[in-house]
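S.K.: have a look; sequence and predicted model below, questions after that.
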Amino acid sequence: MGELVDAAERRAVEQGTAVELGRAIELGRAVELGRTLRALRRRADLSQRELAERSGVPQATLARIESGRTRDPRFRTVERLVRAARGDLAIGVPAGEVLPAPEVPHDEMRDEAGRRYPAHLDVWEVREPRDWPGAWWADWYKLPPERYPLPLPPATYERNRRYRDNRRRREAVRRTVRLRRVTGADVPHTGWRFVAELPDGELVGELRAHERDPHLRYGQGLAHEREMALDGILVAYDYRRLGIGRQLVEALVGGMRDREIVSAYAIADGRGIDLLLACGFRFEASRPAALRLDRPRR
């Protein structure tokens, strides 16, 4: 609101009018109040309809306030809305002692009709089919854009509360997960173990690998050389496709760089192949890939 008022003050001085300044301040207050109510709704995870029902304020009135079309709403109306959204009103309190409601991340985004997206939902940009819940075919086919059965929207959101809560939980995991290398008596001298953990200690991913001697294995190479064999990567099912597997592989590659190990080998299938290819692995057809042992049945 400060930039808007400052601009209006300059125009008022230049034009010698006070009316424009008054209108700009009025508009700025309306915009600020609308943004605050949207932020409160998002924090409380309430739609406009749900907040209107809780507060007893008509949804049309709430919509006008949030959009800035109602420039001077009644104090009692604002109080009921704020209280219903589990917020507090502060009057005559220094600004430094009041914590503002968190902003709506997508408040500046608009749909194809120029409307704001629902404040309480999570809105994200659609860059490829997998970003859009409506693209049920995204993981089934590797289709070029010209063959998509439906056009991709510029952005999307999911109204299902369980899906939304799960997505927010996954985003929190993405921001807070930390990697560390495990050493000690439980890990062999040539063994490598990396774990991905949350701040509360929950284990959400793990990578294990070991060094080996290519001279003994293939009959070639220098005796002091080492190569890496990837034993496995595990990521908790609920936290897959968050980049945790890639971070574990990058941690391994960083350790290899420090030890001047230049080669790593792995056996994978399914999505594990896609993960390793995305991390820089390439198919190696000139060496044995997999062996199988079946015990005889009695």
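M.R.: Thanks, I have it. Numbering: from 1, shown residues only.
S.K.: confirm that Gly272 sits in a helix.
M.R.: Yes - secondary structure of Gly272 (DSSP: H, G, I helix; E, B strand; the rest coil): part of a helix.
S.K.: hang on, isn't it packed against Ile233?
M.R.: Yes - with contact defined as CB atoms under 8 Å, Gly272 counts as touching Ile233 (7.0 Å). C-beta: built from backbone N, CA, C; applies to glycine.
S.K.: and the two? Which one has more around it.
M.R.: Ile233 (23 against 15; other CB atoms under 10 Å).
S.K.: for the more buried one, which non-adjacent residue is spatially closest?
M.R.: Nearest non-adjacent residue to Ile233, counting by CB to CB, 6 or more residues apart in numbering: Leu207, 4.9 Å away.
S.K.: can you report how many residues neighbour the one you found?
M.R.: Leu207 has 24 nearby residues by other CB under 10 Å.
S.K.: ditto for Ala119
M.R.: Based on other CB under 10 Å, the number of other residues close to Ala119 is 25.
S.K.: quick one, helices of the chain?
M.R.: Taking DSSP state H as the test, the helices found in the chain are 2-15, 19-44, 48-55, 59-67, 75-84, 161-176, 214-218, 244-259, 271-278.
S.K.: which of these has the lowest average pLDDT?
M.R.: When the helices of the chain are compared on mean pLDDT, helix 2-15 scores lowest, with a mean of 40.
S.K.: pLDDT below threshold where in the stretch 101-250 of the chain?
M.R.: 139, 141, 215-224 (pLDDT under 70).
S.K.: could you find the closest non-adjacent residue to Tyr148?
M.R.: Pro129 (6.8 Å).
S.K.: want to try JSON lines for the helices of the chain, with distance to Val182 as columns?
M.R.: What follows is the helices of the chain, written out as JSON lines (distance: least, CB to CB, whole Å):
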{"stretch": "helix 2-15", "distance to Val182": "51"}
{"stretch": "helix 19-44", "distance to Val182": "38"}
{"stretch": "helix 48-55", "distance to Val182": "46"}
{"stretch": "helix 59-67", "distance to Val182": "50"}
{"stretch": "helix 75-84", "distance to Val182": "49"}
{"stretch": "helix 161-176", "distance to Val182": "19"}
{"stretch": "helix 214-218", "distance to Val182": "25"}
{"stretch": "helix 244-259", "distance to Val182": "11"}
{"stretch": "helix 271-278", "distance to Val182": "21"}
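S.K.: out of those helices, which gets nearest to His120?
M.R.: helix 19-44 (4.9 Å; CB to CB).
S.K.: if I look at the residue nearest the centre of the chain, how far off is Leu252?
M.R.: Nearest residue to the geometric centre of the chain (CA atoms, centre = their mean): Glu171, 4.0 Å. Noted for Glu171: a distance of 25 Å to Leu252, by CB to CB, to the nearest Å.
S.K.: re the thing from before, the residue nearest to Tyr148 against Leu152, yeah?
M.R.: Yes - the pair Pro129 / Leu152 is scored as a contact, 6.7 Å apart, by CB under 8 Å.
S.K.: what sits against the nearest residue to Asp131 once chain neighbours are set aside?
M.R.: In space, and not counting its chain neighbours, Asp131 is closest to Trp124: 6.5 Å by CB to CB, 6+ apart. Applying CB atoms under 8 Å, 6 or more residues apart in numbering, we find Trp124 in contact with 106, 131, 155-157.
S.K.: that older thread, residues near the residue nearest to Tyr148, how many?
M.R.: 21.
S.K.: residues contacting it?
M.R.: Here Pro129 is in contact with 135, 137-138, 143, 148, 152 (CB under 8 Å, 6+ apart).
S.K.: swap in Ser263?
M.R.: Contacts for Ser263 were tallied using CB under 8 Å, 6+ apart; they are 214, 227-228.
S.K.: for it, report the pLDDT, please.
M.R.: 88.
S.K.: for it, give its distance to Asp269.
M.R.: Taking CB to CB, one finds Ser263 at 21 Å from Asp269.
S.K.: so Gln247 sits against Leu179, correct?
M.R.: Yes - counting by CB under 8 Å, Gln247 touches Leu179, with 5.8 Å between them.
S.K.: quickly list what's touching both of the two.
M.R.: Ala196.
S.K.: between those two, who's got more neighbours?
M.R.: Between Gln247 and Leu179, counted using other CB under 10 Å, the more crowded position is Gln247 (20 against 16).
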